[in-house]
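K.L.:
Provided below are the primary sequence and the corresponding predicted coordinates.
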Amino acid sequence: MVVQGEFRMAATAAVTDERNDQELLAAIAANRDQDAFAILLQKYRHAAFSLAVYIAENKDLAEEVVQDAMLSVWSSAHTFRSENARAWILRIVARRALKVARQSRRSSALLKKAQKTM
């Protein structure tokens, strides 16, 4: 998978790396380590997608949320200051999903209102 041309993702990235999540994030921040990112993505993509679907209530939106959130993980790995990488990643996903869900609900409400006035 290619996200905005910045990195490539191997669909079959092996999670055999001995580094912990904090070390993987440090490698992403310091060296733009694509393998470290692929490992984190593979490790957390199911939880991230499940959370995004739960919040956004839409699988298509959830896919966009996860891609956007993981791009944010890639670009803001240098800001990671927690001991819990999973919580940090899922918090990014949750914030993105809440934002998208709010926008989607507003758009739906406006569309329904516009249809009633026609």
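P.N.:
Sure thing, it's come through.
K.L.:
from here on, contacts and neighbour counts on C-alpha atoms
P.N.:
Will do.
K.L.:
now the element after the lowest-mean-pLDDT helix or strand in the chain, going C-ward?
P.N.:
Every helix and strand of the chain was ranked by mean pLDDT, DSSP states H and E. The lowest is strand 7-8, at a mean of 40. Counting by DSSP states H and E, the next helix or strand C-terminal to strand 7-8 is helix 21-31.
K.L.:
now for that next one, which elements pack on it?
P.N.:
helix 34-56, helix 59-76, helix 85-117 (3 or more Cα pairs under 8 Å, 6 or more residues apart in numbering; DSSP states H and E).
K.L.:
if we go to 7 Å?
P.N.:
Secondary-structure packing of helix 21-31 (3 or more Cα pairs under 7 Å, 6 or more residues apart in numbering; DSSP states H and E): helix 34-56.
K.L.:
and the helix it packs on, how far from the chain's centre?
P.N.:
6 Å (Cα atoms, centre = their mean, to the nearest Å).
K.L.:
E83: how many residues sit nearby?
P.N.:
Here the number of neighbours of E83 (other Cα atoms under 10 Å) works out to 10.
K.L.:
dump the residue contacts of it.
P.N.:
With contact set as Cα atoms under 7 Å, 6 or more residues apart in numbering, E83 has no partners.
K.L.:
and it, what's its pLDDT?
P.N.:
Note for E83: predicted pLDDT of 83.
K.L.:
same question for Y44.
P.N.:
In this model, Y44 carries a pLDDT of 97.
K.L.:
next, give phi and psi for S82.
P.N.:
Torsion angles at S82 (phi, psi; degrees, to the nearest 10) stand at phi -100, psi 170.
K.L.:
ok, E83 next?
P.N.:
Taking degrees, to the nearest 10, you get phi -90, psi -10 for the backbone angles of E83.
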